[in-house]
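Participant: Predicted model and sequence follow; I will ask about them next.
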Number of protein chains: 2
Amino acid sequence: MAGERRSFKREGEAARRESLIAAALQLIAEGGSEAATVRAIAVKAGVTPGLIRHYFVSKDDLTGAAYLSLMEGMVTKGLLAVDSAPDTPAARLATFIAASLRPPIMDATALGLWAGFLHRVRRDPAMAAVHEAGYMKYRDQLQSLIAALSLTTDKAVLRQQAIACNGVIDGLWLEGGALPRAFAPDELAEIGVRSVAAILGTDLPFPGPHSGDAT
Amino acid sequence: MAGERRSFKREGEAARRESLIAAALQLIAEGGSEAATVRAIAVKAGVTPGLIRHYFVSKDDLTGAAYLSLMEGMVTKGLLAVDSAPDTPAARLATFIAASLRPPIMDATALGLWAGFLHRVRRDPAMAAVHEAGYMKYRDQLQSLIAALSLTTDKAVLRQQAIACNGVIDGLWLEGGALPRAFAPDELAEIGVRSVAAILGTDLPFPGPHSGDAT
DNA sequence: GCGTTAATTATGCAAGTGTATAATTCGGCA
DNA sequence: TGCCGAATTATACACTTGCATAATTAACGC
């Protein structure tokens, strides 16, 4: 009956930090930031609460790192999708939009994370900076894809087009995450591409659900 | 120095419930749901923590009531704006959109509230129902305003138009709340009206900032 | 093999959480 | 006026939270 000390294995620093961050993100996505307690994170990561403070100076430090990791992941995924369809400027733009409105970018988890972080992003200047950087990177990417269509050369017009298109995408992303059952599969991706086309006053091809697997 | 019991005044049940709800909403908007502790709510409402449990069976009960009150308020405000501009169908639609992209509907507070409630909305079926009802009411309103333009009679097309327009509005609403400093005043309202017009393939007038006060 | 070091666990603590319950005091009604 | 019930406050409790610190133990160089 003696409380035998639980055995453990030493992981590298990088792996441990990653697994702790992953655990925190999962918990926040599921139950909001309040669900990501030190103890819950430790359980999910398969370690003991004390270990968290060995890798992060505080819980805030951990969640901050988690947010950074999240943002980097989102942007990366978006950019990755574009590379898979480098045909025409129109196809590239359409692919970018559609990818943003499909899993894994658009899903309940991502929305939950976003909402869970919102308040801390607002209060903590460092996190606000991370947020703004991520947002701007995404919008700039969108704007350059639009610019590649050569519909206009007016910078101001381009800026507003980018804002508007980003707005549609964000809005549909939000709705898809909040009410997944309210839409048919891929319905939002299709609406997104069509709406952006309308806003830009041009035509855009709709890229199939996955990269050209004919069935 | 004897701990004198603090004096108090009896308010009606309705007033007390309202003030407690208001306090909870304020706190959630500012600091997320974790900031809305029983004690903080009590302080902001100018009462003692114990009183909360006199009017609400639990803290969850209070926050549930707060969410209901919030949703009702949002929808009401949107509908109210339309009434102030009953000229043409196009003007009515444009007014509705612009109102959704200006304070008090679009501001940091509203977004904070929305984010603060998201997770509870997901887990609690009762709150999910309230949410879905509010969302659908808003979208139906939008759809009927679009239908009044008589651009199409196809129900399916109409539905997709409503989803897309709702998407732009939500997206711009989100961005305006998240990055208020990133946009010029009324810029988002203007972009919203113009984008909806583009999506519908028609023209919409842009309603001035306030109801026709010439300066 | 064997000691050393740092990664990991175990334990404890002060502050904050929601809630239950008892003690008061306000305000209407006789 | 005086009293009674309900609204409000006060106090207490069990539990959770983040964090600090001490005790262990796995892995690495010799």
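Facilitator: Perfect, I can see it now.

Participant: residues of the helix or strand where A:Glu18 lies that come out buried?
Facilitator: Element membership of A:Glu18, judged by DSSP states H and E, is helix A:13-31. Of the residues in helix A:13-31, A:16-17, A:19-21, A:23-31 count as buried by neighbour count, 16 or more other C-beta atoms under 10 Å in any protein chain shown. For glycine as for every other residue, the C-beta is placed from the backbone atoms N, C-alpha and C.

Participant: what's near enough to touch the residue nearest the centre of chain A?
Facilitator: Central residue of chain A (C-alpha atoms, centre = their mean): A:Met74, 3.4 Å from the mean position. By C-beta atoms under 8 Å, 6 or more residues apart in numbering or on different chains, the residues touching A:Met74 are A:Ile105, A:Ala110, A:Gly134, A:Tyr138.

Participant: so of these, which ones are in helices?
Facilitator: With DSSP state H as the criterion, helices contain A:Ala110, A:Gly134, A:Tyr138 from among the contacts of A:Met74.

Participant: residue contacts, A:Ile97?
Facilitator: Neighbours of A:Ile97 in contact, by C-beta under 8 Å, 6+ apart: A:Cys165, A:Ile169, A:Ala189, A:Gly192, A:Val193, A:Val196, A:Leu204.

Participant: can you give me the angle the host helix or strand of the residue nearest to the centre of chain A makes with helix A:13-31?
Facilitator: Under DSSP H and E, the secondary-structure element containing A:Met74 is helix A:59-83. With axes from the mean of the first three to the mean of the last three C-alpha atoms, to 10 degrees applied, the angle from helix A:59-83 to helix A:13-31 works out at 90 degrees.

Participant: Wondering if helix A:59-83 reaches DNA strand C at all.
Facilitator: No. For helix A:59-83, no contact with DNA strand C is found by C-beta under 7 Å from any atom of the strand; the gap never falls below 13.2 Å.

Participant: Pull the distance from that helix to the chain's centre.
Facilitator: Remark: helix A:59-83 is offset 7 Å from the chain centroid, using C-alpha atoms, centre = their mean, to the nearest Å.

Participant: Would you mind listing the buried residues in it?
Facilitator: In terms of neighbour count (16+ other C-beta under 10 Å), helix A:59-83 has its buried residues at A:62-71, A:74-75, A:78, A:81-82.

Participant: before we move on, back to that, just the CA coordinates for the helix holding A:Glu18, please, in PDB.
Facilitator: Below are the C-alpha coordinates for helix A:13-31, written out as PDB (Å, rounded to 0.1, in the frame of the first residue of the first chain):
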ATOM      1  CA  GLU A  13      12.800  19.600 -23.900                       C
ATOM      2  CA  ALA A  14      11.300  20.300 -27.300                       C
ATOM      3  CA  ALA A  15       9.000  17.300 -27.200                       C
ATOM      4  CA  ARG A  16       7.800  18.000 -23.700                       C
ATOM      5  CA  ARG A  17       7.100  21.600 -24.400                       C
ATOM      6  CA  GLU A  18       5.200  20.600 -27.500                       C
ATOM      7  CA  SER A  19       3.100  18.000 -25.800                       C
ATOM      8  CA  LEU A  20       2.200  20.500 -23.000                       C
ATOM      9  CA  ILE A  21       1.200  23.100 -25.600                       C
ATOM     10  CA  ALA A  22      -0.900  20.500 -27.500                       C
ATOM     11  CA  ALA A  23      -2.600  19.500 -24.300                       C
ATOM     12  CA  ALA A  24      -3.400  23.100 -23.400                       C
ATOM     13  CA  LEU A  25      -4.800  23.800 -26.900                       C
ATOM     14  CA  GLN A  26      -7.000  20.700 -26.800                       C
ATOM     15  CA  LEU A  27      -8.400  21.700 -23.500                       C
ATOM     16  CA  ILE A  28      -9.000  25.300 -24.500                       C
ATOM     17  CA  ALA A  29     -10.700  24.200 -27.700                       C
ATOM     18  CA  GLU A  30     -13.000  21.900 -25.800                       C
ATOM     19  CA  GLY A  31     -13.900  23.900 -22.800                       C
END
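
Participant: tell me the average confidence for the next helix-or-strand element following that helix?
Facilitator: The helix or strand immediately downstream of helix A:13-31 is helix A:38-45, counting by DSSP H and E. Average pLDDT, helix A:38-45: 98.

Participant: what about the residue of chain A found nearest DNA strand C, which helix or strand?
Facilitator: Proximity of chain A to DNA strand C (C-beta to the nearest atom of the strand) peaks at A:Gly50, 2.8 Å away. A:Gly50 belongs to helix A:49-55 when assigned by DSSP H and E.

Participant: Flag every buried residue along that helix.
Facilitator: Quick answer for helix A:49-55 (16+ other C-beta under 10 Å): A:Leu51, A:Ile52, A:Tyr55.

Participant: Out of those, which is nearest to chain B?
Facilitator: Ranked by distance to chain B (C-beta to the nearest C-beta), the buried residues of helix A:49-55 are led by A:Ile52 at 18.6 Å.

Participant: For that closest one, give me its contacts.
Facilitator: A:Ile52 sits in contact with A:Leu20, A:Val38, A:Ile41, A:Ala42, A:Lys59, A:Leu62, where contact means C-beta under 8 Å, 6+ apart.

Participant: export these to TSV and tack on distance to B:Leu200?
Facilitator: Below are the contacts of A:Ile52 laid out as TSV (distance: C-beta to C-beta, whole Å):
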residue	distance to B:Leu200
A:Leu20	49
A:Val38	51
A:Ile41	48
A:Ala42	53
A:Lys59	48
A:Leu62	47
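
Participant: filter these by proximity to DNA strand D?
Facilitator: A:Val38, A:Lys59.

Participant: quick check, nearest of the contacts of A:Ile52 to chain B?
Facilitator: Out of these, the member with the shortest distance to chain B (by C-beta to the nearest C-beta) is A:Lys59, at 12.6 Å.
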